[in-house]
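A.B. asks: My questions concern the predicted model and sequence given below.
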Amino acid sequence: MPAVSKGDGMRGLAVFISDIRNCKSKEAEIKRINKELANIRSKFKGDKALDGYSKKKYVCKLLFIFLLGHDIDFGHMEAVNLLSSNRYTEKQIGYLFISVLVNSNSELIRLINNAIKNDLASRNPTFMGLALHCIANVGSREMAEAFAGEIPKILVAGDTMDSVKQSAALCLLRLYRTSPDLVPMGDWTSRVVHLLNDQHLGVVTAATSLITTLAQKNPEEFKTSVSLAVSRLSRIVTSASTDLQDYTYYFVPAPWLSVKLLRLLQCYPPPEDPAVRGRLTECLETILNKAQEPPKSKKVQHSNAKNAVLFEAISLIIHHDSEPNLLVRACNQLGQFLQHRETNLRYLALESMCTLASSEFSHEAVKTHIETVINALKTERDVSVRQRAVDLLYAMCDRSNAQQIVAEMLSYLETADYSIREEIVLKVAILAEKYAVDYTWYVDTILNLIRIAGDYVSEEVWYRVIQIVINRDDVQGYAAKTVFEALQAPACHENLVKVGGYILGEFGNLIAGDPRSSPLIQFNLLHSKFHLCSVPTRALLLSTYIKFVNLFPEVKATIQDVLRSDSQLKNADVELQQRAVEYLRLSTVASTDILATVLEEMPPFPERESSILAKLKKKKGPSTVTDLEESKRERSIDVNGGPEPVPASTSAASTPSPSADLLGLGAVPAAPTGPPPSSGGGLLVDVFSDSASAVAPLAPGSEDNFARFVCKNNGVLFENQLLQIGLKSEFRQNLGRMFIFYGNKTSTQFLNFTPTLICADDLQANLNLQTKPVDPTVDGGAQVQQVVNIECVSDFTEAPVLNIQFRYGGTFQNVSVKLPITLNKFFQPTEMASQDFFQRWKQLSNPQQEVQNIFKAKHPMDTEITKAKIIGFGSALLEEVDPNPANFVGAGIIHTKTTQIGCLLRLEPNLQAQMYRLTLRTSKDTVSQRLCELLSEQF
């Protein structure tokens, strides 16, 4: 940098800064700043032209005021004028002001770009450096468009000075990171690789950063960099600290450059050329050897630099995964760090060994450190280190040590930090299943898991144990006996009650021969927990009770008494009430054979990927688990017979209650064959664009599905090969709440998952919808939920459209369906006597208030089904009101925020002609018309 002359001290700036610092209050500071701003403004507007020094001084003051947090709305043009100065200090202040205060949308950007072009063309290294720094600091798209083609030429030009090359490389890196599409690949790419051979290590360091980033996107373009990087690394590693004196940091030669070169090599597989490969192996061995040497300094900077190179070398060894000798040596080196007094080193060692454990060459070497890792789990004070110890135990687990590792994890679980308990639970469940040769041990482990950390046992875990038990005949009796014994504890976790209820409902007959676990004792034991459980668990237990009716006829009367009690039949929760009513009716009217058919034992679950693994991937991030599982699959495929079944509950969007699966309601529907649906838009848009495209037209069958939901609130709204959308909704007066369940039916993640509710302008005024955001990533086999709060402001005709956009396997998917929010959802049924009904009917005799439709029946004319549809439509079904008993009449009130609209309906079937006449009378003609349209479609 040129020396600053004596006249550049800017005494006025120093005095101003001193005044600001001496202010006793915020008000005094603001007053002084306003005075200075007024002075600067008058100077800039004055007739007398300012010299460069004065401009620089005032621009500096403006910059200082801005950094204090005050807005600056003038002085930009004066700063731009400073760029044309030939004095370094003036040009420097101009560039500094522009880098900080000028945004990319400024009208001055063209003038700034011209000044930068002039400086780049000047071949003055000082001015070129200032210009390049400014481009990199602003880093806008406009800058990239203007200079992305120019900077590579400066970088590879033979006459460019080293300091400018450094700046050019880092500037180009900045532009590539912000606007990669604007940086053209061309002849310069092959020439920039040769900067790795440059004599100036500063240029090599900057070029390595640039090449590493470019190689990640365009590996073929920069393949020749491998041999050059190995050559340069070899020279650094084998040199003495005195050889690279300017770049030696605490006796470690060029540590930052070494790390960058090692990171560049991780962009490529092992070199194919034997000479290059041998030289790289020598480098890595030298780095490992130097790690064993006594330190040349006791200062922490020396060990930090030395270990930075070592850990990056180990990362490269793990990445190549081809040299058994190096992998074992790396493992042994990391093993020494496991007991190091420095916490960060212990953490990094555990993290690197997790990756080493996935290599077939070093897995056995990692296992030799099991006792050290277990000890770390028990004694470490830092929770993050303990978490890495858990990860390493999980990674090193196989058949030979599974029981020991699972036992240690369970032991640690009792005192583990709350933040990592759920993750430990998932890992214990996965390991117990994966390496369970004796499934009685698996059942004991999971029940122990629920006992120790029941609050952290997710649904996926207890679903999974049930599936294992159902799929394996040899463990069913033991599981029933074990859960029966576990339930006898005075305090049981609710998850244990769920598992116990499910297993005893399916296999309680296997232990019923023992007087200590007779049918009545099993029932009383479960029922004693009933009042302590949540609604989903109670629903599951009711399903268990009806299973008992089939398994044990001797307790039928006892169970019927429970189902008949007011606490069940008049339960405030509609799910429990409905189950109690239906199960009681089923147990009363059904014959033994029908009961045995309806309530038969659950069939084995289909073989799919474990949902616990999917849950762990979602929690830890897919990459951390997937790589490990893929590498371990080869070693464990023969342990328990291949892939694992997925729980029914995770794929059934129509049955969000976990207890619903007892009767097999959550079974995975068979995916239809054929190609997946094509997404909206052209192929180029789908493949290369992440931007949201236009809303897709309604999916085929959307109208039919929409019509089915007019008279019901729960079910599957849409399903294709990739996605399933389920609904569960409830409405009361003018308010409603809808739960939308999005199920990923594939084993591949959905990325950029974005559901959007679209309402026409007139619908927005009449219907308020509030949605909660959804996680943009939906893992394979997983399900996410979205809540929609609904308020009916006034009557409406159209329905909102639900548009879902996401990426599946690199392909853009765009699906639209009509959301079944219809006017009749805001019905409140009204009971009326015959006289009141016809009196009100006559009051609504105005022609505009009545709508009538005569139509052909589309479905069989069944009386019970017709009644159910009218009740499902929302109105009250009035019995013995119409003189003709074959007719159906109903009454209700549509509730909106602004008004209430009374509604009467009359449906007259003609069985001979297979026709209906539907008449609706309301106090508002548009409501009559809409309700008539909706209800006519149902018959």
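C.D. replies: Done, it's in.
A.B. asks: Please work out which residues outside stretch 370-378 touch it.
C.D. replies: Residues outside stretch 370-378 that contact it (CB atoms under 8 Å, 6 or more residues apart in numbering): 335, 338-339, 346, 350, 385-386, 389-390, 392-393, 396, 401, 404-405, 408, 412. In short, each C-beta sits where N, CA and C put it, glycine included.
A.B. asks: where exactly do the helices run in the stretch 401-550 of the chain?
C.D. replies: For the stretch 401-550 of the chain, the helices defined by DSSP state H, counting those that start in this stretch cover 402-413, 418-434, 439-453, 459-471, 473-487, 494-507, 519-527, 535-551.
A.B. asks: Single out the most deeply packed of the ones you listed.
C.D. replies: helix 494-507 (a mean of 25; mean count of other CB atoms under 10 Å).
A.B. asks: Rounded mean pLDDT for it, please.
C.D. replies: Mean pLDDT, computed over helix 494-507, is 90.
A.B. asks: what's the answer for stretch 305-321, then?
C.D. replies: 90.
A.B. asks: what about that stretch, distance to the chain center?
C.D. replies: 30 Å (CA atoms, centre = their mean, to the nearest Å).
A.B. asks: again, but for stretch 600-607
C.D. replies: The answer for stretch 600-607 is 31 Å, by CA atoms, centre = their mean.
A.B. asks: buried subset of the contacts of stretch 370-378?
C.D. replies: 335, 338, 346, 350, 385-386, 389-390, 392-393, 396, 405, 408, 412 (16 or more other CB atoms under 10 Å).
A.B. asks: In helices, which of those residues fall?
C.D. replies: 335, 346, 350, 385-386, 389-390, 392-393, 396, 405, 408, 412 (DSSP state H).
A.B. asks: Pick the one among these closest to Ser936.
C.D. replies: Val390 (61.6 Å; CB to CB).
A.B. asks: For that closest one, give me its contacts.
C.D. replies: Leu377, Met409, Tyr412, Ile420, Glu423, Ile424, Lys427.
A.B. asks: Enumerate every residue touching the closest residue to Gln914 other than its chain neighbours.
C.D. replies: Nearest residue to Gln914 in three dimensions, chain neighbours excluded: Ala857, at 4.9 Å (CB to CB, 6 or more residues apart in numbering). Residues counted as contacts of Ala857 (CB under 8 Å, 6+ apart) are Pro909, Gln914, Met915, Tyr916, Phe939.
A.B. asks: and what of Ala169?
C.D. replies: Contacts of Ala169 by CB under 8 Å, 6+ apart are Leu155, Val192, Leu195, Val203, Ala206, Ala207, Ser209, Leu210.
A.B. asks: Give me the three-state assignment for it.
C.D. replies: Using DSSP: H, G, I helix; E, B strand; the rest coil, the structure places Ala169 in helix.
A.B. asks: From here on, call the first residue 11.
C.D. replies: I'll keep to 11 as the first residue from here, and by that count the last item is Ala179.
A.B. asks: hang on, the earlier thing: let's have the contacts of Ala179 in CSV, adding distance to Asp872, neighbour count and secondary structure.
C.D. replies: Below are those laid out as CSV (distance: CB to CB, whole Å; neighbours: other CB atoms under 10 Å; DSSP: H, G, I helix; E, B strand; the rest coil):
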residue, distance to Asp872, neighbour count, secondary structure
Leu165, 81, 25, helix
Val202, 78, 23, helix
Leu205, 83, 22, helix
Val213, 85, 23, helix
Ala216, 80, 26, helix
Ala217, 80, 29, helix
Ser219, 75, 18, helix
Leu220, 75, 22, helix
